[in-house]
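*Asks:* Need the 3D shape of this:
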Amino acid sequence: MSEGYLRSIAGKNPEVVERLVNDLRATPRETVRESGAKALKDYDPKPALAAYHGPKLAIVIPQNDSPISLHRIGAGMPHEVISGTGHWVALEKPAEVNRLLDRFLSTID
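*Replies:* Below you'll find the model as predicted:
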């Protein structure tokens, strides 16, 4: 992952962007390159999603609400969309994420 790409998906909150950029810069280049390549190329989430039969909820942004998004693969899963944030939703809108998680968890027996 390049710093430019990270900035393009990080959202508009300068504190969050700075935190993410600092984390990226502190991570060894080899680690970033290998983990990014593996995550994008080698991992197939379908078997794990098919094997898990418990409660599921995806919290996504509009830019990640597409036919190939995790919550749309296989049988799909319930999801909530939060707008006005970048990829790291929980960093930018923690109260909204917590509200959605609390509501989701309250429905589980």
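*Asks:* Would you list the phi and psi of residue 80?
*Replies:* Main-chain dihedrals, residue 80, degrees, to the nearest 10: phi -120, psi 140.
*Asks:* How many neighbouring residues does it have?
*Replies:* Residue 80: 17 surrounding residues under other CB atoms under 10 Å. Just so you know, the C-beta spots here come from the backbone N, C-alpha and C atoms, and that holds for glycine as well.
*Asks:* can you check residue 47 too?
*Replies:* Quick note: residue 47 (other CB under 10 Å) scores 9 neighbours.
*Asks:* my guess is it is in a helix, correct?
*Replies:* Yes - under DSSP: H, G, I helix; E, B strand; the rest coil, residue 47 sits within a helix.
*Asks:* could you give the mean pLDDT of stretch 65-81?
*Replies:* What stretch 65-81 shows for mean pLDDT is 85.
*Asks:* Please state the offset of that stretch from the chain centre?
*Replies:* From the chain centre to the centre of stretch 65-81 is a distance of 12 Å (CA atoms, centre = their mean, to the nearest Å).
*Asks:* try stretch 5-15
*Replies:* 13 Å.
*Asks:* okay, that stretch in PDB with CA atoms only?
*Replies:* Provided in PDB are the C-alpha atoms of stretch 5-15 (Å, rounded to 0.1, in the frame of the first residue of the first chain):
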ATOM      1  CA  TYR A   5      -3.400   5.200  -1.900                       C
ATOM      2  CA  LEU A   6      -3.900   5.200   1.900                       C
ATOM      3  CA  ARG A   7      -4.700   8.900   1.800                       C
ATOM      4  CA  SER A   8      -7.200   8.300  -1.000                       C
ATOM      5  CA  ILE A   9      -9.200   5.900   1.100                       C
ATOM      6  CA  ALA A  10      -8.600   7.400   4.600                       C
ATOM      7  CA  GLY A  11     -11.300  10.000   4.600                       C
ATOM      8  CA  LYS A  12     -11.200  13.700   5.400                       C
ATOM      9  CA  ASN A  13     -10.400  13.800   9.200                       C
ATOM     10  CA  PRO A  14      -6.800  15.100   9.300                       C
ATOM     11  CA  GLU A  15      -6.100  13.400  12.700                       C
END
